[in-house]
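> Provided below for reference: sequence and predicted model.
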Amino acid sequence: MHRELCPFEQVILYPSFGFRTEAGGPWTLDVTGAVRFAAEGAWRKAIWCGVLRRMLQVEMEELDKEVFRRRVAAFMTLSKRGRTVSVAAAGAEDRLDPIVCRTLANGQFRGTLLLSEDQVEELRSVTLGGSAASIATDREGRNGGQRTAGLLHPMAGTSIALRVISPYHRGGASPCGHVHLLEPSGVSVISDIDDTIKLSDVIHRRKLLENTFLREFEPVPGMAEVYRDWQQQSAAFHYVSSSPWQLFDCLNAFLAGHEFPVGSIHLRPLHFQGMSLLRLLLSRPNVKQRTIRGIFQRFPQRRFVLVGDSGERDPEIYAAVAEEFPAQIERILIRRLAGSSDVAARLTHVFRNLTRQQWQMFDGPDELPRSLE
């Protein structure tokens, strides 16, 4: 049974990408998002506070801070299954039929919007006047109670704006987002987030929880500057992380607040049943590898730079992808984390089937190539 959206339900559109198989051909736009309902009850918060206090061994004062309330609130939303969501290309709502998506058990929905070359050329110039474009936010996405997606905008002419069509979301209040347009050929950067561009300390589990729930997100110094240099060389970006989708708002705001290039964001579907809190935040290699494979398959003519770290399984995941798609690998870059043992020996073994020019271990961004040629 499917139902229309209710006025108290929140719709969010995730940054995704559009593609075409040949220059001058029609475009297929991936549309992804979720429907959520804020269910902040005293008993839910008490449970979370109790679990985290025991795991982190902190005083209740730490859990009264605004950072904790903001982060834990994302995990207290309820997913809404069976909702019907209509999404249209912004600027053409009255001329082009929207696509109709239906939410799954995890509240997420997915669909495709087909546009001709002429339609895309017309809509490239449309800028959003609604929540995603006009509301100023800080580095954690705070804007007086509203939540936004796509806080930074793509370079001019490289995206199509989307808008949710709903009687409860009209005009500037309508949830909106961006689809980034990628040509069949070119260079794409697939980047991990935790400990690659954001300081998370995944190796130390307690520190991981502290940095996730109690601390403001901090970037790895210098990485945003390197990525912006690559963006100026027409590189596209895909942020692929094992973090759960519940952290999307905070991670999206982190990327925007520290001026990382815009790009598609791919996080992990989350199911609480049978999982501890810590396992929810740790890497799920199969999911991550499957996501990356899907991007490679979608863009068989593009070349890829894979950026990760030595903390968990990025090297092994990237090596498996390189074995399957050897002609598309431009370079693999692995950040060595303090506390990781025998990283050089590990990488030499993992990347034994690649040439030494195809992979690099680095400690800081000053060691990374500024040119992708």
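Happy to help now that I have it.
> longest strand anywhere in this protein?
In the chain, with assignment by DSSP state E, the single longest strand is strand 27-38.
> what residues go with each domain of this protein?
3-38+78-181, 186-367 (automatic domain parsing).
> Now render those domains as TSV, adding mean pLDDT, mean neighbour count and distance to residue 59.
C-betas here are computed from N, CA, C, even on glycine. Formatted as TSV, the domains of the chain follow (pLDDT from 0 to 100; neighbours: other Cβ atoms under 10 Å; distance: least, Cβ to Cβ, whole Å):
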stretch	mean pLDDT	mean neighbour count	distance to residue 59
domain 3-38+78-181	78	18	23
domain 186-367	91	18	11
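> among those, which is nearest residue 60?
domain 186-367 (12.4 Å; Cβ to Cβ).
> In the stretch 101-250 of the chain, mark out all the strands, start to finish.
108-115, 159-165, 176-181, 186-191, 236-244 (DSSP state E, counting those that start in this stretch).
> Let's have these in JSON lines, adding distance to residue 5.
Below are these laid out as JSON lines (distance: least, Cβ to Cβ, whole Å):
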{"stretch": "strand 108-115", "distance to residue 5": "11"}
{"stretch": "strand 159-165", "distance to residue 5": "8"}
{"stretch": "strand 176-181", "distance to residue 5": "15"}
{"stretch": "strand 186-191", "distance to residue 5": "33"}
{"stretch": "strand 236-244", "distance to residue 5": "23"}
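> Can you say which of those strands is nearest to residue 223?
strand 186-191 (8.6 Å).
> packing partners for that closest one?
Strand 186-191 is packed against helix 223-232, strand 236-244, helix 285-298, strand 302-309, with contacts defined by 3 or more Cβ pairs under 8 Å, 6 or more residues apart in numbering; DSSP states H and E.
> how distant is the second one from the center of its chain?
Distance, stretch centre to chain centre, for strand 236-244: 4 Å (Cα atoms, centre = their mean, to the nearest Å).
> quick one: it to strand 176-181, angle?
With axes from the mean of the first three to the mean of the last three Cα atoms, to 10 degrees as the basis, strand 236-244 and strand 176-181 are set at 130 degrees to each other.
> tell me the angle strand 236-244 makes with strand 186-191.
20 degrees.
> how near is the most far-flung residue of the chain relative to its centre to residue 53?
Within the chain, residue 59 marks the point farthest from the mean C-alpha position, 32.0 Å out by Cα atoms, centre = their mean. Distance, residue 59 to residue 53, by Cβ to Cβ, to the nearest Å: 8 Å.
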